[in-house]
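Trainee: how would this look folded up:
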Amino acid sequence: LNGNPTNSTNRPAVVAAGLPVNAAGLPLERPANADFPNYFVFPDAETFQPILARTIEVLGLRPTGTRRDFDFREKTFAAFAQGQIDFGDSVTVIGGVRMEQTDYTASGLVVELVERDGLDLPPLGQAAPTSFSRKRTDWFPSLHLRADLTSAVVGRLSVSRAQVRPTFEDARNFQTIDTVQVTQGGATRTILRELDGGNPRLEPLLADQVDATLGWYPSPRTALTAAAFYKDLKNPFISATFTGADVALAGLAPLDAVAGTGFTLARTVGNGGSGNLYGVELGLNHFFSGPLDGVFFNGNLTLIEGEARSRFVRNNAALRLEDQARVNANVSVGYEDDRVTLRASATYVGDRIETVDATNAELDVIRAPLTTVDLNFRFNLARQVQLYADITNLLDELDYRYFRGIDGVALVNRTSRFGRTFQVGVNVAF
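Mentor: As a prediction, the model looks like this:
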């Protein structure tokens, strides 16, 4: 909202209306899901909401949420050609190429929020958004081989190029600047100026990859698979924090306290120069028979290593790939027949790098390992009517992030508790 009930302009109107200028004296409450007894205490919502509504009315405040809007526009033209050759009944080769031409525009604002001598000033920034446009053409060839080595063993080999596009959050053309100023000797000095925003200039991550899979099918009810893969990466995404003089590595000027220009910190996403990813994946699927007919088991384990490098971050040192766990596993057990499906599944995702600091590994933010358990039920009430019930995150696991810290002593970054989710419903097919 544009306005501050505590500043010298607004305070008289707020006081004249009999409204408080701060939360002192209001009844407080701590949310039931806050596990820290001395933190996260807020004004009682039922008491605070009418005060907020009346303050907005008295001061004639208006929402400024649209200042944070950003816009994406994209047109994609694609074409592909594919061919297949069969060598007898046991070997098949499929090859092809896909062309994608993308015309992309991202628009948004730069908004600066200034606090001067403890008071919030009206937001600064552009009156109209700026736009960034790019047009690119990419080619994605692929070659796939399948061979029936025996009646129960199948081998597969693939060589291809693929891409991963940046998320809207990472590529948004919107930046915020948080500025803190103090008045000293009649002059205004800037003591903090932090930039946080997306990067509309991000290039897609490109991967030249090789995958080899061996599958053993000893019976129609059982499948065991083992796979190995390697990916040579170009333009891997790196979320980085630059502090102090290191903001120059991101192409920005360090803070000039007198002029109020430059930055003390910058958070954004960039493209690294190169990287690689490789690993193995093991899988088992089995449907029981006899007295256990209808019972099934699925399991999967993936072990991954990889790295990314950027000349702007730690002198091109090897970094763990962003948001890539070294260990991923999932297990499902259940029962299924023509009318009923019951499934219990557990998923484990190992620790992951979320952001890196440009110079200090101790300030990297790591997302802790997470194990979730889900339950699913389906019942076909009639041919076109199905009842369902789902429980997600049965164990109420916390999503926990921390700074790497020094000598193995981690520091909390933040925790998120999403709780359990219960869902029931009916699916009707017409």
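Trainee: by contact count, what packs against the one helix or strand residue 160 maps to?
Mentor: Here residue 160, judged by DSSP states H and E, is contained in strand 153-164. Where contact means 3 or more Cβ pairs under 8 Å, 6 or more residues apart in numbering; DSSP states H and E, strand 153-164 is packed against strand 130-148, strand 205-219. The way it works is simple: take the backbone N, C-alpha and C, and place the C-beta from them, glycine included.
Trainee: tell me the most buried of those strands?
Mentor: The highest average neighbour count among the helices and strands packed on strand 153-164, using mean count of other Cβ atoms under 10 Å, belongs to strand 205-219 at a mean of 16.
Trainee: could you dump the helices and strands packed on strand 153-164 to a markdown table with distance to residue 424 and mean pLDDT?
Mentor: Compiled in a markdown table, those are given as follows (distance: least, Cβ to Cβ, whole Å; pLDDT from 0 to 100):
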| stretch | distance to residue 424 | mean pLDDT |
| --- | --- | --- |
| strand 130-148 | 42 | 94 |
| strand 205-219 | 36 | 96 |
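Trainee: residue 373: which of these is closest?
Mentor: strand 205-219 (28.2 Å; Cβ to Cβ).
Trainee: what lies in contact with that closest one?
Mentor: 138, 152-164, 166, 223-237, 271, 277 (Cβ atoms under 8 Å, 6 or more residues apart in numbering).
Trainee: tell me the pLDDT of residue 243.
Mentor: Looking at residue 243, its pLDDT reads 90.
Trainee: report the contact partners of the closest residue to residue 97 other than its chain neighbours.
Mentor: Spatial nearest neighbour of residue 97, excluding adjacent residues (Cβ to Cβ, 6 or more residues apart in numbering): residue 141 at 4.5 Å. Residue 141 makes contacts with 95, 96, 97, 98, 160, 161, as judged by Cβ under 8 Å, 6+ apart.
Trainee: and the first one, how many neighbours?
Mentor: Same thing as residue 95. 16 (other Cβ atoms under 10 Å).
Trainee: distance check, it against residue 416.
Mentor: 45 Å (Cβ to Cβ, to the nearest Å).
Trainee: in the protein, where is pLDDT below threshold?
Mentor: Within the chain, the stretches with pLDDT under 70 are 1-9, 23-24, 30-43, 61-68, 125-128.
Trainee: can you check which helix is longest in it?
Mentor: Identified as the longest helix of the chain according to DSSP state H is helix 45-59.
Trainee: so what does it touch, helix or strand wise?
Mentor: If you count contacts as 3+ Cβ pairs under 8 Å, 6+ apart, helix 45-59 packs onto helix 11-16.
Trainee: and the helix it packs on, which residues are buried?
Mentor: residue 14 (16 or more other Cβ atoms under 10 Å).
Trainee: how far does it sit from the chain's center?
Mentor: How far helix 11-16 lies from its chain's middle: 43 Å, per Cα atoms, centre = their mean, to the nearest Å.
Trainee: give me the helices and strands touching the helix or strand just after that helix, please.
Mentor: Sequence-wise, the next helix or strand downstream of helix 11-16 (DSSP H and E) is strand 28-29. Strand 28-29 is packed against strand 42-43, with contacts defined by 3+ Cβ pairs under 8 Å, 6+ apart.
Trainee: what about stretch 248-266, start to end distance?
Mentor: Taking Cα to Cα, to the nearest Å as the measure, stretch 248-266 stretches 10 Å from start to finish.
Trainee: could you do stretch 288-299 as well?
Mentor: Start to finish, the residues bounding stretch 288-299 are 14 Å apart (Cα to Cα).
Trainee: okay, buried residues for it please.
Mentor: Neighbour counts over stretch 288-299 (16+ other Cβ under 10 Å) mark 296, 298, 299 as buried.
Trainee: which outside residues touch that stretch?
Mentor: Contacts for stretch 288-299 (Cβ under 8 Å, 6+ apart): 221, 283-287, 329-337.
Trainee: that one: how far from the chain's middle?
Mentor: So, by Cα atoms, centre = their mean, the centroid of stretch 288-299 is 36 Å from its chain's centroid.
Trainee: what's the answer for stretch 255-270, then?
Mentor: The answer for stretch 255-270 is 25 Å, by Cα atoms, centre = their mean.
Trainee: any idea how far apart the tips of it sit?
Mentor: Distance between the two ends of stretch 255-270: 21 Å, counting by Cα to Cα.
Trainee: equivalent analysis for stretch 156-174, please.
Mentor: Start-to-end, stretch 156-174 (Cα to Cα) is 44 Å.
Trainee: now do stretch 167-186
Mentor: Stretch 167-186 has its terminal residues 46 Å apart, counting by Cα to Cα.
Trainee: how about stretch 234-252?
Mentor: One end of stretch 234-252 to the other measures 24 Å (Cα to Cα).
Trainee: buried set for that stretch?
Mentor: Neighbour-count burial for stretch 234-252, counted by 16+ other Cβ under 10 Å, picks out 234-243, 246-250, 252.
Trainee: likewise stretch 102-114?
Mentor: Under 16+ other Cβ under 10 Å, the buried positions of stretch 102-114 are 102, 104, 105, 106, 107, 108, 109, 110, 111, 112, 113, 114.
Trainee: okay, and the beta partners of the last one?
Mentor: In this case it means residue 114. On the basis of DSSP bridges, residue 114 is bridged to residue 179.
Trainee: from now on call the first residue 25
Mentor: Yep, numbering from 25; the last one is residue 138 now.
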